Every structure is written in C-alpha cells, then in structure tokens.
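J.: everything below, folded, please.
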Amino acid sequence: MSIIYTGRKAPLDGRRILTPKESSQRAKAMACVRSPHKTECQGQIYIGLFYDGSGNNAAWRQADSVVNPKNLTQRERNKHSNVAKLWDAHLEEPENGFFRVYVPGVGTPFSAIGDTIPTLTDNAGGGFGYMGADRINWGITSLFNAVHIYLTGSKLIDNDAQRVLVNLMSSQMLLGLEGVQRWTMLTSLEEKLARVVKTHQRKLKQINVSIFGFSRGAAEARASAHWLHQVFERQTGAFELAGVPIRIGFLGIFDTVAAVGVGDVTPVTFGHMAWGNGTQSIHPVVEECTHFIALHEQRASFPLESATGRGNVGYPGMHSDVGGGYYPGEQGRSMPGWGPSPHLSQIPLIDMHFAALKAGVPLFTLKEMKVVKREAMLASFATDPRLIASYNNWLTHNGIKGADVKTFTEAHTKQYLRWRGMLHAQGKAQLKNKRFFRESDKPGQKDLLEADSDLGIYLRSWRERKKANATTMGWLNERAKTVLHRVSPAGMLFVEEGKDPLSDWEERFLKIMTEGAQPPAGCVTLFEDYVHDSRAGFRILGKHEPVWLTGGYGRFRHVFVQSDDYSNMSNIANESLKAVKAGADAAVTYFQKLYGYTVSTYRVARRKIAATARAVSEAEKRLERQAVETYKETSKMIVDGATRVGHGVHDAGVEAEKKLESAVKTAKNSMQQASQEARLYYQAEKKVIMKYANAEAEWMAQLEKRWREEDREKAK
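T.: Next up is the predicted model:
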C-alpha cells in the first residue's frame, strides 16, 4: 500500500510559488499553450474532463425550502465543489484547441444524458451511482467532438445524437453489465473522424487530456482513463484516436469513492460493481496522478479507494471538506463572515490547482485571473488568514507521521473520535453552548443532536457490557467474529438482552473515545471551526446510516487497495451472503431474539439479489441483441446524416434526420426496458435497506425500554 503524508504548510497569502525547477518545467510544458501559433505548437488539442462528485452540480437548484429558500444554484450558494472551480479555471478557446467538459455528479440532474427522473436521480444516483457509466461515456465521446470542432468548427454529433449514443453504450441498470461493447460503438464514429483528420487542411499532431474528479466522480475519472485506453489502444501499442496520438498528462482526484451499487452499508454489498469493477487502479497510461484523501471520514457509504503507487496526500476533514460541497455556515463551520471562500476544502483546492499548473494543464494562474479581471473566479480560489493559520497549526501539532493509507487515516480518526467522546461527555448543554452549534442553521442543529444521541446510545451500551461479568462460554469462534466484524463492526451488539461480553473491537473504540490521549489544541480548533460531521448530515432513503450495520462512529473507514479482488455483482452477492449466513449460524445461541428476523432478512436479500441478477442477465442478452442492431443502424445514420448536412446536401440531411428520429425511438424503447430492470433492482435494494433500518429501530427501542425499566428499579 502506498505511503501517505499530509500536505505542506499553506503560505499566508494562499499562493504557492513555483521553485526555479518547477518554473522551468512549467514553462516547457506551457510553451505551446501560451503560443499556439508557433509552427511547432500547431496541431495540439488540450481537453479537460471534469467529473463532479455525488450530489455536486454547480448549476443545480436543489429544492429545499429550509436551507435553499431562494432556489439558488450551488455556485450561487458558494457550495460548488473543487472540481467545478477547477473547470472554471480551465481555458476554453476551441479555435486554438482548448476545450473543457463539465460532468455533473451522480445524484443530480444531467439532462444531456437523460438523467432527469427525480426518484432515480436522487436515490439511485446519489445512493448507488446510477448512470455513472453514461457520464463516463459522455466525457469520452466529447473527445470526438473536440477534434472535429478544432478541424471544422462544428461538432461531429449533436447533443441529441450524443445522448442516444451514450445511453446505448452504457448500462442503465443499477448493477448491470455493459450491454454493448464500447469499442464496437465507437469504431464507426472513429472511421468517419479519421477521414476528416486525414483530408482536412488543418493538421492535428496530438490530443492532450487531463482528467479531474471528486468522490464517485473521481472513480469515474479513473474509469475513463481505463476505457479510453481500452478503446483507443492499437495492436502496435499506439494510443491514438483517428490516427492522432493521445496523451493523458494529468489525473487530479479528490477522495475517490467507488461505491457503485450499494457500498459497505449492507451485509450483501461491497461496491465496485458495474462500471466500478476493474477500473479503479491508476492506469499506467496516466503520466502524473495526484490524489487528495480525507483523513477523518468514517461513513460506510464512502469507502476510500487508494491510489496505490501514486501520489496519495492526506488533508484534514471529511469527504466534502477535501473535495468541496459544503455551503458557508453549514453545521456552524466555515462561517460566511470569515472570508469569500472560508471552506476547509480551499486548502486542497489551491494545492490541486498548483499541481495541475506544474503538470502543464492549461489553467488560469491566480495572477492571470487578476489580469483578465475574473473576480468571481478569484473569489472561489481565495483563502483567508484564519483558515490558513488553523490549518498550519493542525499540520504542525497533530503529531502523526506518514504511514500506509490505512494506518495513517486510522491515526487521524482516533484524534477526531477522542474529541467526539470528550464533547459527548460534557453533555448536551455543553454541545448547545458551542459556537458551531449556536451559529448553525436549524437543520444542522437537528442533525448534530441526533448524531450525539446515537453516539450516546452505544457508548452507554458498551460501558454496561464492560461492567457485566457475562460468561464467554460458547462465544463466537474466531472465524465467526471475523465474518461478523467484516459485515459490521457493530454487529456484535445484536445479542440476547445485551448480556454478551464486550468484543475486542468495541472495547478498543470505547477506549479511543473515553480514555485516549486528548488531541492537541490545534486539532480541537480545526474540528470545531472547520471539520463537518459528515455522518450527521448524510442520509440514505431519509435515514442516517444504520448503526448496527455500519458501527456508526465506532468504525474506521474502509480502504480499498488495487490488489483487492473485485468480483462481479453475482459473485460478490453470493460470497458475502455465504459468509454472513456462516457467521449467523455460528452465533445462533446468542442471537435468540433477532436471529430469526436477521436470517430471514438475509434470505430475502439473497432471493432478491439472485432474482434481480437473473432478470438483469436476461434483459442484458435481450437488449444486447436489439441494441447492437439498433446501434449499427443508428450510428450510421447519425454520422452519415451529420456529414451530409455538414456538406450542405439538404435532401440527404432531411432523410437522415427522419431515419435518425425512427432509430432514436427504437433506441428509447430498448432503454426503457433497461430502465425498468433498474427500477426493479432499486426497489429490491430499498426494501432490504429499510428492513435493516427497521431492525435497528427495534433494537434501539428494546434497549431504551430495558434502560427505563432498570432506572425504575433503581428508583424504588
């Protein structure tokens, strides 16, 4: 596993200065960018692909009468992510070969690819990565248009045709397999483009690609590098589009989360399905990769995908404290009065901007933003002295040295959990008296109180069980312990009457939160002023992540490395279900009350997963037969029609449009069938998750009832 360190101290003015060596490197890389008319620089295209994170969309007017009563966009609320800010800074001069493509995050509307159904967009997209493949393919097909625009001034395929092509290439099933091979679908387009490249007077020498992403968008960015290479690698080893060499010079990613399908939040799912399967290593074709990791994130729905062998750098805070996406003042952190962009995520933003500039990505420098009077852009890259001082103080005094990703993130999480334990021990009155609580809006206060109550419930349970002298005879064997802990660190809570002994894992977290060394003052200041509580603010189907499935705050973030074996959906589901069933069987004596309910839930899940897998497989085969034929005809009509219209052959163009309309209708019918299968799977998953949530509620109710009875007995 790669070694990870924290970043460097931030300069007081927030502007990093290139060293002489870095300046020389950048000058060489940017020679053609700044002088595109030089003979040796002509024929260079630069295209930036920007894949935003889950729930992140700079232009989205998220409907929420409480926190967004004015119906503003994320950009207008200063809530847009670092990916959106970097997209803003990328040059866009098509006539000189500079292009940028912004792809909104899953869980938000993206009308260009047809992701506009609220239920599927919000729940299936945000929760499970729905239509992530379509987003990746939108970026890939945009390369074709960029080349054609540079040569002819017009697109190769218009937006409607591109949407149809992208939808046909992508599986619209939640965890389905690819229905039609991308290579087959893009070959026809590439042949048409190659003829234009070969015969056009303006010559093209190289396509320079840079890719950015955050969260699942970072997973999409990684996958796009894999898919680009799969499609455009030649038998000779060349990597080219329409005969023009492709170069992926820079991959800049924030806190990669490859939770495709359902992540670690349930016993039957591990993510890395569909487009996330086998695509998350940093492909060797990528020349330079920079990956910024959130050091304090814990949510099971956001497991970390490390960049093994590449540049992992750790930054304080939660997932969106690194990639951006919180609005100023959310949960009482990063208050609006502290500066134009008071977010903790500004530190990784300026560092990613700096890394990309060094690599030759055509971004505006801060100095250039001033020269061209891009005031809004300057504000979005601003950092205030208070933030920089707090970050540098944390960096100097946290006392944690570089290590492998898992060890390093766990060490920082321990400091955060100790602070959480200290805060809870002071009582709710003290929490309500904290500045961040007082200055938070009402929804934020509600989330913070609920999260503190959750923490209190299992801290009390752990303390009671530690005091109890319960017998360990017949307790779970080591294998069952391992299985149940992999399913959920809090899985041991579900035993008869709470009389079981405290597990080693639970005792470890009890000590971390109640007996560990107090974090340095610089860490506490950063936690209170800038680090959000991501678990408190995150809900699945309207509920917080189930404590008994995920462990709540009593867990470390799961870290995936590229040596992990990611099987397909069926294998993952079957193997995990076998493991869960084996663990449950071993624990049967101690699961007398909830064993029947839990096992029946697993069996329902198994039947649903198996049935859905069969349905998806059958639909896959059926749709593949239909879509292959539809695609061949559609692709030919799209390209031929566009070509004819481009040459002014009116009648041929009109006829092509008529045929295209018919082909699109056929394609839509095929995709409707796929969408129906996606809905079936989504409904099955929703039912399973709701059962888990209900089980947690039942457990909490029983626990609280027992505590009330004990309190009454003590009162007597």
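J.: what's the pLDDT at Gly402?
T.: If you check Gly402, the pLDDT there is 85.
J.: next, work out how far apart it and Ser306 are.
T.: For Gly402, the distance to Ser306 equals 14 Å [Cβ to Cβ, to the nearest Å]. C-beta here means a position set from N, CA and C on the backbone, and glycine is covered the same way.
J.: same question for Arg465.
T.: Distance of Arg465 to Ser306, computed by Cβ to Cβ: 34 Å.
J.: who does the longest strand anywhere in the chain touch, helix- and strand-wise?
T.: Of all the segments of type strand in the chain, defined by DSSP state E, the longest one is strand 244-254. For strand 244-254, the helices and strands in contact under the criterion 3 or more Cβ pairs under 8 Å, 6 or more residues apart in numbering; DSSP states H and E are helix 82-89, strand 206-214, helix 216-232, strand 289-294, helix 346-358.
J.: let me know the angle separating that strand from helix 346-358.
T.: Between the direction of strand 244-254 and that of helix 346-358, the angle (axes from the mean of the first three to the mean of the last three Cα atoms, to 10 degrees) works out to 160 degrees.
J.: now do the buried residues in strand 244-254.
T.: Buried residues in strand 244-254, counting neighbours by 16 or more other Cβ atoms under 10 Å, are found at Val244, Ile246, Arg247, Ile248, Gly249, Phe250, Leu251, Gly252, Ile253, Phe254.
J.: quick one, what contacts the closest residue to Thr383 other than its chain neighbours?
T.: Among residues not flanking Thr383 along the chain, Gly14 sits closest, at 3.3 Å (Cβ to Cβ, 6 or more residues apart in numbering). By Cβ atoms under 8 Å, 6 or more residues apart in numbering, the contact set of Gly14 is Gln346, Ile350, Phe381, Ala382, Thr383, Ile388.
J.: gap between the second one and Gly132?
T.: It refers to Ile350. According to Cβ to Cβ, Ile350 stands 28 Å off from Gly132.
J.: okay, these two: which has more neighbours?
T.: Neighbours of Ile350 and Gly132, each counted by other Cβ atoms under 10 Å, are more numerous for Gly132; the result is 29 against 22.
J.: surely the more buried one is in contact with Ala259?
T.: No - under the criterion of Cβ atoms under 8 Å, Gly132 makes no contact with Ala259, lying 10.1 Å away.
J.: intersection of neighbour lists for those two?
T.: In contact with both Gly132 and Ala259: Arg216, Gly276, using Cβ under 8 Å, 6+ apart.
J.: quick one, what contacts the closest residue to Arg374 other than its chain neighbours?
T.: Setting aside the residues directly before and after it, Arg374 is nearest to Phe364 in space (Cβ to Cβ, 6+ apart), at 6.8 Å. With contact set as Cβ under 8 Å, 6+ apart, Phe364 has these partners: Ala89, His90, Leu91, Val372, Arg374, Met377.
J.: can you rerun that using 10 Å?
T.: Contacts of Phe364 were listed using Cβ atoms under 10 Å, 6 or more residues apart in numbering, and they are 88-91, 353, 357, 370-372, 374, 377-378, 381.
J.: got a ChimeraX select line for the buried ones in those?
T.: Buried members of those can be picked out in ChimeraX with the line below, counting by 16+ other Cβ under 10 Å:
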select :88,89,90,91,353,357,374,377,378,381
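J.: distance to Val231 added to the contacts of Phe364, as CSV?
T.: Compiled in CSV, the contacts of Phe364 are given as follows (distance: Cβ to Cβ, whole Å):
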residue, distance to Val231
Asp88, 29
Ala89, 29
His90, 24
Leu91, 26
His353, 30
Leu357, 29
Lys370, 41
Val371, 39
Val372, 36
Arg374, 36
Met377, 34
Leu378, 38
Phe381, 35
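J.: and the least confident of the contacts of Phe364?
T.: Across the contacts of Phe364, the smallest pLDDT goes to Val372, namely 82.
J.: ok, which stretches of the stretch 1-150 of the chain are helices?
T.: In the stretch 1-150 of the chain, the segments counted as helices under DSSP state H, counting those that start in this stretch are 20-34, 82-89, 118-119, 126-128, 132-152.
J.: and those, which one averages the lowest pLDDT?
T.: Looking over the helices of the stretch 1-150 of the chain, mean pLDDT reaches its minimum on helix 126-128, with a mean of 49.
J.: for Thr308, give its distance to Phe560.
T.: Using Cβ to Cβ, we find Thr308 at a distance of 10 Å from Phe560.
J.: overlap in contacts of the two?
T.: In terms of Cβ under 10 Å, 6+ apart, Thr308 and Phe560 are both contacted by the residues Gln280, Val405.
J.: quick one, which of these two is more surrounded?
T.: The neighbour count for Thr308 versus Phe560, taken as other Cβ under 10 Å, is higher for Phe560 (21 against 18).
J.: now do the contacts for the closest residue to the more buried one other than its chain neighbours.
T.: By the measure of Cβ to Cβ, 6+ apart, the closest residue to Phe560 outside its immediate chain neighbours is Glu305, 5.1 Å from it. Glu305 makes contact with 216, 218-219, 222, 253, 255-259, 271-272, 276, 280-281, 291, 293, 559-562, 564 under the criterion Cβ under 10 Å, 6+ apart.
J.: kindly recompute the last result at 7 Å.
T.: Taking Cβ atoms under 7 Å, 6 or more residues apart in numbering, we find Glu305 in contact with Ala219, Thr256, Val257, Ala258, Gln280, Phe560.
J.: quick check: PyMOL command selecting the buried ones in those.
T.: Selection of the buried residues among these in PyMOL, burial being defined by 16+ other Cβ under 10 Å:
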select buried, resi 219+256+257+258+280+560
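J.: tabulate the contacts of Glu305 (TSV), appending pLDDT.
T.: Written out in TSV, the entries for the contacts of Glu305 read as follows (pLDDT from 0 to 100):
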residue	pLDDT
Ala219	95
Thr256	96
Val257	92
Ala258	83
Gln280	87
Phe560	87
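J.: any chance of the contacts of Glu305 in CSV, with distance to Glu515 and secondary structure too?
T.: Written out in CSV, the entries for those read as follows (distance: Cβ to Cβ, whole Å; DSSP: H, G, I helix; E, B strand; the rest coil):
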residue, distance to Glu515, secondary structure
Ala219, 37, helix
Thr256, 34, coil
Val257, 32, coil
Ala258, 35, coil
Gln280, 37, coil
Phe560, 31, strand
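J.: ok, the contacts of Glu305 vs Asn159, which is closest?
T.: Ala219 (25.0 Å; Cβ to Cβ).
J.: could you measure from Leu395 over to His412?
T.: For Leu395, the distance to His412 equals 12 Å [Cβ to Cβ].
J.: neighbour count winner among these two?
T.: Comparing Leu395 with His412 by neighbour count (other Cβ under 10 Å), the higher total belongs to His412, at 23 against 18.
J.: so what does the host helix or strand of the more buried one touch, helix or strand wise?
T.: Taking DSSP states H and E as the criterion, His412 maps to helix 405-425. For helix 405-425, the contact count by 3 or more Cβ pairs under 7 Å, 6 or more residues apart in numbering; DSSP states H and E identifies helix 442-467, helix 504-514, helix 521-529, strand 559-560 as packing neighbours.
J.: what's in contact with the helix or strand just after it?
T.: Past helix 405-425, further along toward the C-terminus, the next helix or strand under DSSP H and E is helix 428-433. By Cβ under 7 Å, 6+ apart, the surrounding residues in contact with helix 428-433 are Leu423, Phe437, Asp452.
J.: save these as TSV, and put in pLDDT and neighbour count too.
T.: TSV is the format used below for the contacts of helix 428-433 (pLDDT from 0 to 100; neighbours: other Cβ atoms under 10 Å):
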residue	pLDDT	neighbour count
Leu423	94	18
Phe437	97	19
Asp452	93	20
